[in-house]
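>>> fold the following.
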Amino acid sequence: MTGMGKTGEAGAMRDRARRVLQASAVEAYGRAGAYVTRDSVMHRAHVADLKEFLTIVKYLYGKGWVAGGNEDYRYFVVTPEGMAEATR
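Residues are numbered from 1 along each chain as shown. This next block holds a predicted model:
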């Protein structure tokens with residue numbers, strides 16, 4: 001049996017990223033620009049591993065869907081674009 005391959009891994013990353021983005025939107029009470037905490041988003045999105053979370057949130061940052069995070073993303077905001085994507 002082989003691994004997922006690049007296409008499967010990319011799809012899995014998108015799914016995890018979407019879950020984190022949606023959890024962030026809920027924690028922001030649907031308000032773009034509201035700060036959310038890493039711990040509450042990790043809990044709501046069921047992501048226990050900090051390294052995995054940081055990888056995901058950096059992906060979201062690269063898409064322009066989150067902003068304002070310091071180096072460890074202890075606090076960050078969901079952008080208007082991120083809120084639109086989360087509710088799409």
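>>> hey, let's count contacts and neighbours off CA atoms from now on
Fine.
>>> would you mark the buried spots in the top helix by length along the chain?
Ranked by residue count, the top helix of the chain under DSSP state H comes out as helix 5-27. Residues of helix 5-27 classed as buried by neighbour count (16 or more other CA atoms under 10 Å): 13, 16-27.
>>> from R31, how far out is A25?
Distance of A25 to R31, computed by CA to CA, to the nearest Å: 7 Å.
>>> between the two, what contacts are shared?
Common neighbours of A25 and R31, using CA atoms under 8 Å, 6 or more residues apart in numbering, are 78, 83.
>>> mind telling me what element M83 is part of?
Here M83 is covered by helix 80-86, with elements defined by DSSP states H and E.
>>> other SSEs contacting that helix?
With contacts taken as 3 or more CA pairs under 8 Å, 6 or more residues apart in numbering; DSSP states H and E, helix 80-86 sits against helix 5-27.
>>> pLDDT averaged over the helix or strand following the longest helix of the chain - what is it?
Per DSSP H and E, the first helix or strand lying C-terminal to helix 5-27 is strand 35-37. Averaging pLDDT along strand 35-37 yields 96.
>>> and stretch 54-67, by the same measure?
When pLDDT is averaged over stretch 54-67, the result is 95.
>>> and that stretch, which residues are buried?
Neighbour counts over stretch 54-67 (16+ other CA under 10 Å) mark 54, 56-61, 65-67 as buried.
>>> separation between the spatially closest residue to N70 that is not a sequence neighbour and G11?
In space, and not counting its chain neighbours, N70 is closest to F76: 7.5 Å by CA to CA, 6 or more residues apart in numbering. F76 is 24 Å from G11, where distance means CA to CA.
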